[in-house]
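Asks: let me see the structure of the following:
(chains A, B, C and D)
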Protein chains: 4
Amino acid sequence: MLIKAGFDIEFETTTRVPLTALLSIHPSRNRDLLTPHRISVSPDIAIYDYLDAFGNLATRLTLPEGGARLRCEFLIEDSGRPDLAAPDVPVTPIEELPETALPFLLASRYCETEKLIPTAWQMFGGIRSARGRVEAIVDWVHRRIQFGYHHARCTRTAWEGYNEQVGVCRDFAHLAVTLCRAVNIPARYCTGYLGDIGVPPVDAPMDFSAWFEVFVDGGWYTYDARHNEPRIGRIVMARGRDATDVAITTAFGPAVLKKFEVTTDEVASEPDAVRQAA
Amino acid sequence: MLIKAGFDIEFETTTRVPLTALLSIHPSRNRDLLTPHRISVSPDIAIYDYLDAFGNLATRLTLPEGGARLRCEFLIEDSGRPDLAAPDVPVTPIEELPETALPFLLASRYCETEKLIPTAWQMFGGIRSARGRVEAIVDWVHRRIQFGYHHARCTRTAWEGYNEQVGVCRDFAHLAVTLCRAVNIPARYCTGYLGDIGVPPVDAPMDFSAWFEVFVDGGWYTYDARHNEPRIGRIVMARGRDATDVAITTAFGPAVLKKFEVTTDEVASEPDAVRQAA
Amino acid sequence: MLIKAGFDIEFETTTRVPLTALLSIHPSRNRDLLTPHRISVSPDIAIYDYLDAFGNLATRLTLPEGGARLRCEFLIEDSGRPDLAAPDVPVTPIEELPETALPFLLASRYCETEKLIPTAWQMFGGIRSARGRVEAIVDWVHRRIQFGYHHARCTRTAWEGYNEQVGVCRDFAHLAVTLCRAVNIPARYCTGYLGDIGVPPVDAPMDFSAWFEVFVDGGWYTYDARHNEPRIGRIVMARGRDATDVAITTAFGPAVLKKFEVTTDEVASEPDAVRQAA
Amino acid sequence: MLIKAGFDIEFETTTRVPLTALLSIHPSRNRDLLTPHRISVSPDIAIYDYLDAFGNLATRLTLPEGGARLRCEFLIEDSGRPDLAAPDVPVTPIEELPETALPFLLASRYCETEKLIPTAWQMFGGIRSARGRVEAIVDWVHRRIQFGYHHARCTRTAWEGYNEQVGVCRDFAHLAVTLCRAVNIPARYCTGYLGDIGVPPVDAPMDFSAWFEVFVDGGWYTYDARHNEPRIGRIVMARGRDATDVAITTAFGPAVLKKFEVTTDEVASEPDAVRQAA
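Replies: Now for the predicted structure:
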């Protein structure tokens, strides 16, 4: 399956504002690219990429006075298969987890694990299957939180989401991540492209999406408490402990978002389509 | 100056309990060792070290049923010089910070940077010197928080410490770290040995200590809002975003601390002392 | 299967001599340990570990005037299964190799890949199966090189081994690694413990062994051109581009090896055996 | 000082050929950029960057049948100061070297350190100053090797260069690197832009250049045995053990270089110049 994806983002500023962004696809998807993945910026200011501490490809630039526009469009190959469920095996014992998974058991800015440990063990600790435990958490979070864009609040933590029972996709992810960690399943927060491929189109402007991954039996598996169903065509951009680590953009100063468009669509896989897109 | 330091820690358990620990000195101090730094464990169970994501030397083991005792004693050379103040230069502009410093500007579990940004800029934003800005923050935190062991609460965040105005050394560090980050100075939380070398002895059992470091003009500088004065003989063990990343021990199950002794003392530097210690 | 392994190595020196060593088991095997893996040194001089650029656990110390003795003994669990053959699938195209495998296609000190490219393609390029191509190379090297301890020469490269047709286990490994790289199969050089578990005992003092790994279909597979048969009970210590990267010890000054004993034996897996060994 | 630099490289192929390239400036210079540093490729095929094991920014692509053209042009700020000499202090003892410097003491594909150890100690071992020792090596190599483009041979090692006494800039660098390592000074091989800024223009098409760095007193210092004088305006692209690690391009298949142009020129620093270049 071929996917054409990209963004068009414009900032307005009244002064120079340093910016970091996590707007590239994750390096693990680079080999699926059919066209270059290059963020273009106008005006033509200095901009460069670096790997952050989690292995994501981050971008640095300084918005000039007046602002700047960042754009990207690329064609990528995708398996077209829905998210794979975690294996139906017992939860991996802590002592068998690799060192690289351990940080994803700890609390983080938006995931106050220790506050939900008693609740989590009571509700989910009895389920021995890793798949079963994760699916029970995802189901429960999906029902617990009521979705609504007007509920968005960028400082809401998992504990607050648990109590307020409202939120957007990041709140679903934060609560599910926190509950998984509380019951010894390493979980990391993800951002990326997720269109409506394979599902009825929704009547809302497209945005980047947030989901999460759990570590089971030696591998990471994708789950999505917002949608609570396997989806097709996710393109992961960044992974981290929570939304702090993988903010799409972090501006160190006042910057107004004038435009924010995200696209991700399946395209026909004939050579012509490739040529056009390229 | 020679320092003899170490610990003797004993856990009691009723079941097997996986444990991670940050009980080694930081690799950057390894070259100062005069005797091996080896954590011995009894009974003689499997135990091994690994580097965590921040470059700290971490240790993994599984406490057997009944528990285990961890001990370490080593002799290390130290400059004997008090903590060096950050240079009296302008705060490094964000765009000149190296990528490795950027994560230490972000919020973390115990450092809700965004909640203190307005307060921090109002109080400290006008100070142009990096040293001046950091010292003003340290002074202010030192006065703001009232120290008391009975105030210890392991879930207290910087924002809560700011409001409750009480705490232990970790609360001083968390609040100072948060305020530094809020005004664009990268700050990281540190743990380590800090005895009473060069200061009047205190009448309390020795413990590990918490302090923090700020990034100024290309280097990291040590500050301590708890003591608010340059100290001699710190031996850093671990650095991270906050106390979450550098917990001395993290037990995944019930484990009771039966013994917890930390020592760190200056010793005479004659060859005899070395031989004895070794 | 339980294996008891270790070493007892003694250096004699007339002056202080800095030393680096790759004498620990590879971190990937740490979770299989049943007793601590600690290198003890006498006299009790400073010694510490660090991770090298390839992820091996390296050790640094300075031999004091007179010398020092390094010892280690540990008990480790092993699958007991013989080396797994690489899958019988087509050789992975270069463009599908992960970035981490690419350095293992390049030439290195003892592997002058470019000198053997024409020969390698002519002999092995026609074999499409990765397993087939690697096995053909291993067979050929096994026949090409005549084994003999008296043939050992630490500066012999793969090209020289190819021409001289004699060597020890490192020469077998270097030539096989070079041929694999020449025909686009990433290959890395390994050192570790390899006893005579499952094979008739040989009448020679035990030593560490050298073998290699190839990257096929997303994973690394172990091959051994010296023995040319799957073996049981390998415990990998270090991996690198060739013997340069994973020298057991590198002394920066004159140091005479007075003793060099390596042991690796299967032990009964009853609790008693564990207790004794521990 | 502002420098406008870039390249225009064209490959012709008769089949698809995977390629890795080290054609980006080193990440440590990213913050000096005034315009984006983006490699453009025509036709518009997939291309992406990754960090190699030495921290260089590498690029991967697959040349399509027929070939492709890679171009880059950027404006960068430079101190305008000549290469800084290493401090006139004693050579750093091995035991005080950081772990990260140790690999640059070892032999590598083109630097057979052990073959030149006796010669190197005899000629340079008596010089105690690090600066003095390095400068003596550079002087000696500069006289030993006769420069000539017709002497280029991509398989020539330092030992062969030492004996043949001819070479191009990479041979000067390899021999100097080898001699430095032989006498315990960590040395790494560098590639990058080096124009004729501050020196009389030479009558030869511009190319990338090779030089090396030595580790002294906690830092790396640039030396150039080909030119044997401090130069202005170097822009480092990649660092490694030797030319193997930092080949400008590595093609895995037949690819003919049809065009190879490198430019690097000082430009006026007025805003107009910036605007034009951008």
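Asks: so what's the residue nearest the centre of chain A up against?
Replies: Central residue of chain A (Cα atoms, centre = their mean): A:T191, 1.5 Å from the mean position. By Cβ atoms under 8 Å, 6 or more residues apart in numbering or on different chains, the contact set of A:T191 is A:22, A:208-210, A:236-238, A:246, A:248. The way it works is simple: take the backbone N, C-alpha and C, and place the C-beta from them, glycine included.
Asks: can you give me the strands in chain A?
Replies: Taking DSSP state E, the strands of chain A run over residues A:2-12, A:17-21, A:40-42, A:47-51, A:57-63, A:68-77, A:146-147, A:166-167, A:187-193, A:209-216, A:219-223, A:235-240, A:249-251, A:256-267.
Asks: buried stuff in the first one?
Replies: This points to strand A:2-12. Buried residues in strand A:2-12, counting neighbours by 16 or more other Cβ atoms under 10 Å in any protein chain shown, are found at A:2-7, A:9-11.
Asks: I'd assumed A:I3 was in contact with A:I76.
Replies: Yes: with contact defined as Cβ atoms under 8 Å, A:I76 counts as touching A:I3 (5.3 Å).
Asks: I figured A:V138 hits A:A176, correct?
Replies: Yes: using Cβ under 8 Å, A:V138 is in contact with A:A176, at 5.8 Å.
Asks: neighbour-wise, which of these two wins?
Replies: A:A176 (32 against 23; other Cβ atoms under 10 Å in any protein chain shown).
Asks: now the more buried one. Nearest residue, chain neighbours left out?
Replies: Leaving aside its sequence neighbours, A:A176 sits nearest to A:A225 (Cβ to Cβ, 6 or more residues apart in numbering or on different chains; 4.1 Å).
Asks: residues in chain A within reach of chain C, list them.
Replies: A:27, A:31, A:95-96, A:99 (Cβ under 8 Å from any Cβ of the partner chain).
Asks: could you flag which of these are buried?
Replies: A:27, A:31, A:99.
Asks: nearest to chain D, of those?
Replies: A:P27 (6.2 Å; Cβ to the nearest Cβ).
Asks: the nearest residue to the closest one once chain neighbours are set aside: how many residues sit nearby?
Replies: Closest residue in space to A:P27, ignoring its immediate chain neighbours: A:L57 at 5.6 Å, by Cβ to Cβ, 6+ apart. Neighbourhood size, A:L57 [other Cβ under 10 Å]: 24.
Asks: got the contact list for A:L57?
Replies: Applying Cβ under 8 Å, 6+ apart, the residues near A:L57 are A:22, A:24-27, A:49-51.
Asks: looking at those, which is nearest chain B?
Replies: Closest approach to chain B among these (Cβ to the nearest Cβ): A:Y50, at 4.6 Å.
Asks: which ones are touching that closest one?
Replies: A:Y50 makes contacts with A:57-60, B:99, D:27, D:30, as judged by Cβ under 8 Å, 6+ apart.
Asks: and A:R181, by the same measure?
Replies: With contact set as Cβ under 8 Å, 6+ apart, A:R181 has these partners: A:104-107, A:111, A:113, A:187.
Asks: now these as TSV including pLDDT and neighbour count?
Replies: Shown next, in TSV, are those (pLDDT from 0 to 100; neighbours: other Cβ atoms under 10 Å in any protein chain shown):
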residue	pLDDT	neighbour count
A:F104	98	25
A:L105	97	20
A:L106	96	19
A:A107	97	25
A:C111	98	31
A:T113	96	23
A:A187	98	28
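Asks: and the two most separated of the residues you listed?
Replies: Taking Cβ to Cβ, the two most distant members of the contacts of A:R181 are A:A107 and A:A187; they sit 11.7 Å apart.
Asks: run a quick neighbour tally on the closest residue to chain B within the stretch 151-278 of chain A.
Replies: Chain B sits closest to A:F252 of the stretch 151-278 of chain A, with a gap of 4.6 Å, by Cβ to the nearest Cβ. A:F252 sits with 18 neighbouring residues when counted by other Cβ under 10 Å.
Asks: distance of it relative to C:P205?
Replies: 64 Å (Cβ to Cβ, to the nearest Å).
Asks: please apply the same query to A:N228.
Replies: According to Cβ to Cβ, A:N228 stands 63 Å off from C:P205.
Asks: how about the helices in the stretch 1-150 of chain A?
Replies: A:113-124, A:130-144 (DSSP state H, counting those that start in this stretch).
Asks: what's the closest of the buried residues of strand A:2-12 to chain C?
Replies: A:L2 (17.6 Å).
Asks: can you pick out the most distant pair from the residues of chain A next to chain C?
Replies: A:R31 and A:E95 (33.8 Å).
Asks: could I get the contacting residues of A:V141?
Replies: A:172, A:175-176, A:179, A:225.
Asks: could I get these as a markdown table with pLDDT?
Replies: Formatted as a markdown table, those follow (pLDDT from 0 to 100):
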| residue | pLDDT |
| --- | --- |
| A:F172 | 98 |
| A:L175 | 98 |
| A:A176 | 98 |
| A:L179 | 98 |
| A:A225 | 97 |
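Asks: which of these sit farthest apart?
Replies: Maximum distance among the contacts of A:V141 (Cβ to Cβ): 11.1 Å, for A:F172 and A:L179.
Asks: okay, those two: which has more neighbours?
Replies: A:L179 (31 against 26).
Asks: buried residues, stretch A:191-206. List them.
Replies: Buried, per 16+ other Cβ under 10 Å, within stretch A:191-206: A:191-197, A:206.
Asks: what about chain A, any weak spots by pLDDT?
Replies: Where chain A drops to pLDDT under 70, the residues are A:270-278.
Asks: got the domain boundaries for it?
Replies: A:2-79+A:248-277, A:94-232 (automatic domain parsing).
Asks: mind checking which of the ones you listed is nearest C:G80?
Replies: domain A:94-232 (18.2 Å).
Asks: for the closest one, what is the distance to the chain centroid?
Replies: From the chain centre to the centre of domain A:94-232 is a distance of 11 Å (Cα atoms, centre = their mean, to the nearest Å).
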